[in-house]
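Trainee: show me how the following folds:
(chains A, B and C)
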Amino acid sequence: MLIDEMKYITPEISLLCFALLIVVVDLFVTRKGVLPILSVIGALVAAFFTVGLWGNGGISAFNNMIAIDQFGLFFKLLILASLVLVVMASNKYVLKFEKFQGEYYAVLMLSAIGLMLLVSAVNLITIYVSLELSSISLYALVSFLKDKASSEAGLKYLILGAVASAILLYGMALTFGLTGSTGLTAIADYFRTSSTASPLLLTGLVLIIAGFGFKIASVPFQLWVPDVYEGAPTPITAYLSVASKAAGFAVITRILMTAFGQPDWLHAEWAIIIAVLAALTMTVGNVTALVQTNIKRLFGYSSIAQAGYLMVGLAAMGMATQGNADIRSGIIFFLFSYTLTNLGAFIAIIAISNKIDSDQIADYTGMGKRSPLLAGALTLFLVSLTGLPPTAGLIAKIYIFNGAVDQGLLWLVVIAVINSVISAFYYFRVVKVMWMGEPASQDKVTSSWPEWTALAVCCIMVVIIGVAPGAFVGLTQAAVKMFGI
Amino acid sequence: MNLNLLSWIIFLPIIGIIVIAVLPKPGQKTVKWIALSFALASFLISIAMFWMFDRSGSAIGHMQFEEKIAWIPAINAYYHLGVDGLSIPLVILMTFLGVVSVLVSWKIQLRPKEYFIWILLLESSILGVFCSLDLILFFLFWELELIPMYFLISIWGSGRKEYAANKYLIYTLVGSSFMLAGILSTYFITHTFDLTALAGISITSSFIPLTVLFFLLIVGFAIKLPVFPLHTWLPDAHTNAPTAASVILAGALLKMGGYGMIRLCVSMLPQIAVQYAPVMCTLAVIGVVYGAAVTMRQTDLKRLIAYSSVSHMGYVLLGIFALNQVSLAGASLQMFSHGVITGLLFAMVGLVYDKTHTRDLNNLSGLARQMPIIVVVFSIAGLASLGLPGTVGFIAEFITFAGSFASITIAGMKIFTLIAVTGVVVTAGYMLWMLQRVFYGYPLDKYNGVKDADAVEMISTFSFVAVIMAVGIYPAVLTNVINMGVAPIARLIGM
Amino acid sequence: MLEQFGYVGIFLLIATGFTVLIPLLPKLFKLMGLIPGKKTAAKLVQYECGMQTIGKTWVQFNFRYYYFAVLFVLLDMLTIFLYPWAVNIKDLGVGGLVAVGIFLVILAVGYIYAWRKGALQWK
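Mentor: As a prediction, this is how the structure comes out:
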């Protein structure tokens, strides 16, 4: 029964209730400080329900529209965690759009709902609908500052997003037309009995990869990233770079594994496409990042490069017969540590930019003197993004590259490690600016306690994962359990 | 009985870091004493461990003080520590340099809290490299060392410090990236990260040619050692680093390269090592001669010592790729000897610079009158560096050359050795010339006010001298242990 | 499968045919003599019924019309879902009632929002 299956989407429902509650409360309450608290409570309640569903491995609900598996549940928790951290980091930032705080939090939660549905969707229709729910919310959030840059960013994101959606939809339509089904498992059933690839079907597959390539910012669909990242409110940039990207990777992993994972001739087709795209993505991202002067743009390009490393994992997954579970857990682990690292970096950037009101790297000069703690934390995250110990970044890279070497992708790994070296140039440029050189002013830069808390959580997690990753690797290994495989 | 001595040695400095970090606004003195006491504790434990080290014949080829705990089960990575005769001298060297480098920086004024945190982290990471028996753990410590060194050079350095720090970072990262690819390929071929299991394993691979694997692994070590065309980061890093960082850099960090070559490249792929030994020996000889020649031209004291390191590390490379038990033992001892001698030389240059505020040979003259103690110690270091009998430098160079001259593993070793020996002659030339220009000749009036070494400086420099002389007079204390370490490796090569 | 697409094809054919047919009808009627073919000035105007436009077409509308249009859409949604529910109220039972209740609450939030934000005031 439909009603009985409602329990499988309790996390989303509870989050929706809180989103609506926030809209209403915002109308009647003058002390807006209650809104972020409500959002955090909402996310925690949703997380509670999500954890309650854990262990319910591999069932589908609503006529194979949504799957409840540990893969999806893990990503739901990751999305909720980034939601909480972004809300905490927005604490001071929302004063820039004082009149619309309620809308800000509510729309943020709506986009989280979209992403949560996206990671558990097992039908092309649900995938598309939840993708749109999250995207439309994000279009609004990107242009929330209402100034020139932000509006431009919003418009760019909207137009390019719409094009990407159309491409995706076209790919889905072709797939549906040829396989006769929109359910991922049903598509897989079709392939089990067929032995050749029709050119139209491959076109459909390529179009689907292209559509999600936009979401995960892979070359050549990365052009929106720098402008949108620069123009958007910084917490939203953070959210885009982690939650939206993690969900994008989750859903493309699911589609490729579930629908296009068998038989052998099929996954070899997309593996090579993704391997080439991965090499291009990280190289373009890293090389372009070298010349950036705006820290948000720099992180935009850096996130493109990081997507490239993740795609190395995707390519390795395609190379493996039977969809090696270790490689999938490598992708999940990378996303996990990348989320914490990048989010942490953005929280530090938000805290600093609240005070100095600038995103220019040059204005970070002497930040080590003005705020040793913020600069120290940002340094730790930059070290992690470079992939140096004792941080999560190194372990994640080793884990994901290990899988790739295992599948004979040594050439790709060599390109990736050379890229890590290139990335050290621009990550350490920021470090250098912060710790060397005299500050422009002697004003101390401090922050509010929610930001400190969020920052501390990220710092501690990044170091713990970097030093003792055993337990977290175990968690991601549990999270590879996917419906239909 | 398992006291986890190695873990204590590695992590005592890190505990020191935590203590320094959590103390609210500690005074400069407190920070220094905390750093010193933790470095000293680590040193004392390593001495105790050296004392307890099993020197009996049955212990040959076995790791001692092993610790093994599952760390990342998914990729078979263990927290696996252990030392053998090859690594224990280097561990002692590092803990010793850790204590001395704290003493050397006793007068540091700029941001002392961060400074000592980085020094201690550097010590921990280098110790970790020497003690790790798991490739991933090895790599982790290998990379960890980058960060403190980067900050030490770029914040507390002098001259073109940011350029030097970046150059150091990029060079090392390039090397370690290839190393990571090599390590992962190794795992793919052998399905283990365990260094003890990898030594002497017979590897066959259809995945990548073993030659490629060998060069993927060796590039990182070659950059660190440094081997001739990859050495250009070293003079810049040394010249611009603060004294203590130079001491550790020359003393222990370069040795990571030589240690890695023996531990990974030679032990794991002995056949390939034999095959490419002529190439490596050619590079070694070029390094020795070129390094020595360039040293002659230097006018900056620190740069001079730095280039002499390039020349002296050439002996290490020659010793390793002569691939003979004696030469390997010589190379290991040369690493230790170069560590203490060059460490002392850098400490002395630092002292001279502190007093006179210049490192330019053209501006220095006749300091022997003003600072007699410094002159004596500096001269001992210089003479040890050129291999005067009675110092550890002589023993190390002698064993290296004796071993490589006698090596029959590869053809033409005698010629290589003979060319390399000329390096010793040139060393005598530039060392004596340098000492003569700085300390003798006409005393300059402008240096009349400079003071000689004070108590702290005397403690640190005299302890160096003690080590240099002690091992020089009774080398068996180290060579016995080193022989235990290199014997199984020499057996692998089959010579 | 093909059959289902066939229905779509027939639908497409009918739609195209209908659009082509409508403009042709007057000609047809005229040929048949059902209507007179006199051309007057009023008949030659493109927009035949209603009033003649006055002034330029670039008129500025008050943007509050837009608010009302959006609110009207909201109301439309209400009818679209409430009407079929009302027809089947017995079959849908308590579950249906709860579902419609949730639906109404969500819409009500929208109205409350519009009210508090002043979208209902004309000033």
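Trainee: from here on, contacts and neighbour counts on C-alpha atoms
Mentor: Fine.
Trainee: what packs against the helix or strand A:Gly308 falls within?
Mentor: A:Gly308 belongs to helix A:295-319 when assigned by DSSP states H and E. Where contact means 3 or more C-alpha pairs under 8 Å, 6 or more residues apart in numbering or on different chains; DSSP states H and E, helix A:295-319 is packed against helix A:224-231, helix A:264-289, helix A:325-356, helix A:392-406, helix A:410-435.
Trainee: now the helix or strand that the third one is followed by: mean pLDDT?
Mentor: Just to be clear, that refers to helix A:325-356. Once the chain leaves helix A:325-356, the next helix or strand it forms, by DSSP H and E, is helix A:367-370. The pLDDT scores in helix A:367-370 average 85.
Trainee: any idea how far the following helix or strand past helix A:367-370 is from the chain center?
Mentor: Once helix A:367-370 ends, the next helix or strand along the chain (criterion: DSSP H and E) is helix A:372-386. Computed by C-alpha atoms, centre = their mean, to the nearest Å, the chain-centroid distance of helix A:372-386 equals 20 Å.
Trainee: stretch A:242-258 too?
Mentor: Using C-alpha atoms, centre = their mean, the offset of stretch A:242-258 from its chain centre is 9 Å.
Trainee: what does stretch B:138-145 give?
Mentor: 15 Å.
Trainee: for the residue of the stretch 201-350 of chain A found nearest chain B, which residues are in contact?
Mentor: Of all residues in the stretch 201-350 of chain A, A:Asp326 sits closest to chain B, at 7.6 Å by C-alpha to the nearest C-alpha. Each residue near A:Asp326 by C-alpha atoms under 8 Å, 6 or more residues apart in numbering or on different chains is listed here: A:Gly403, A:Gln477, B:Ala74.
Trainee: rerun at 10 Å
Mentor: Shown in contact with A:Asp326 (C-alpha atoms under 10 Å, 6 or more residues apart in numbering or on different chains): A:Met317, A:Ile332, A:Tyr399, A:Ile400, A:Asn402, A:Gly403, A:Val473, A:Thr476, A:Gln477, A:Val480, B:Ala74, B:Ile75.
Trainee: would you confirm that the third one contacts A:Thr476?
Mentor: No: taking C-alpha atoms under 10 Å as the definition, A:Tyr399 is not a contact partner of A:Thr476, at 11.6 Å.
Trainee: identify the contacts common to the two.
Mentor: Counting by C-alpha under 10 Å, 6+ apart, the common neighbours of A:Tyr399 and A:Thr476 are A:Asp326, A:Ser329, A:Gly330, A:Ile331, A:Phe333, A:Phe334.
Trainee: buried set for the least confident helix or strand in chain B by mean pLDDT?
Mentor: When each helix and strand of chain B is scored by mean pLDDT, DSSP states H and E, helix B:195-198 comes last, with a mean of 82. Residues of helix B:195-198 classed as buried: B:Leu195, B:Thr196, B:Leu198 (neighbour count, 16 or more other C-alpha atoms under 10 Å in any protein chain shown).
Trainee: does B:Leu44 touch B:Met94 like I think?
Mentor: No: here B:Leu44 lies out of contact with B:Met94, judged by C-alpha under 10 Å, at a distance of 11.9 Å.
Trainee: of the two, who's got more company?
Mentor: B:Met94 (30 against 16; other C-alpha atoms under 10 Å in any protein chain shown).
Trainee: dump the residue contacts of the more buried one.
Mentor: B:Met94 touches B:39, B:42-43, B:46, B:88, B:100, B:122-124, B:126-127, B:130, B:248, B:251-253, B:255, B:336, B:339-340, counting by C-alpha under 10 Å, 6+ apart.
Trainee: same deal with B:Val288?
Mentor: B:Val288 touches B:227-228, B:282, B:307-318, B:419-424, B:426-427, counting by C-alpha under 10 Å, 6+ apart.
Trainee: selection in PyMOL covering whichever of those residues are buried, please.
Mentor: What follows is the PyMOL syntax for the buried subset of the contacts of B:Val288, where burial is set by 16+ other C-alpha under 10 Å:
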select buried, chain B and resi 227+228+282+307+308+309+310+311+312+313+314+315+316+317+318+420+421+423+424+426+427
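Trainee: what is the subsequent helix or strand relative to the longest helix along chain C?
Mentor: Ranked by residue count and defined by DSSP state H, the top helix of chain C is helix C:2-31. As assigned by DSSP H and E, the chain's next helix or strand after helix C:2-31 is helix C:41-44.
Trainee: which residue packs closest to A:Gln306, ignoring adjacent ones?
Mentor: Distances taken as C-alpha to C-alpha, 6 or more residues apart in numbering or on different chains put A:Met282 closest to A:Gln306, at 6.7 Å, once the chain neighbours are dropped.
Trainee: how near is that neighbour to chain C?
Mentor: To chain C, A:Met282 is 43 Å away according to C-alpha to the nearest C-alpha, to the nearest Å.
Trainee: same check, this time on A:Ile347
Mentor: For A:Ile347, the distance to chain C - C-alpha to the nearest C-alpha - is 31 Å.
Trainee: ditto for A:Phe212
Mentor: According to C-alpha to the nearest C-alpha, A:Phe212 stands 28 Å off from chain C.
Trainee: surely that residue and A:Gly248 touch.
Mentor: Yes: between A:Phe212 and A:Gly248 there is a contact at 6.5 Å, judged by C-alpha under 10 Å.
Trainee: common neighbours of these two, please.
Mentor: Listed as contacting both A:Phe212 and A:Gly248 by C-alpha under 10 Å, 6+ apart are A:Leu131.
Trainee: so who does the nearest residue to A:Ser384 once chain neighbours are set aside touch?
Mentor: Excluding the flanking residues, the one nearest A:Ser384 by C-alpha to C-alpha, 6+ apart is A:Gly393, at 4.4 Å. By C-alpha under 10 Å, 6+ apart, the contact set of A:Gly393 is A:333-334, A:337-338, A:340-341, A:381-387, A:399, A:462-463, A:465-466.
Trainee: now with 6 Å, please.
Mentor: Residues counted as contacts of A:Gly393 (C-alpha atoms under 6 Å, 6 or more residues apart in numbering or on different chains) are A:Ser384, A:Leu385, A:Gly387.
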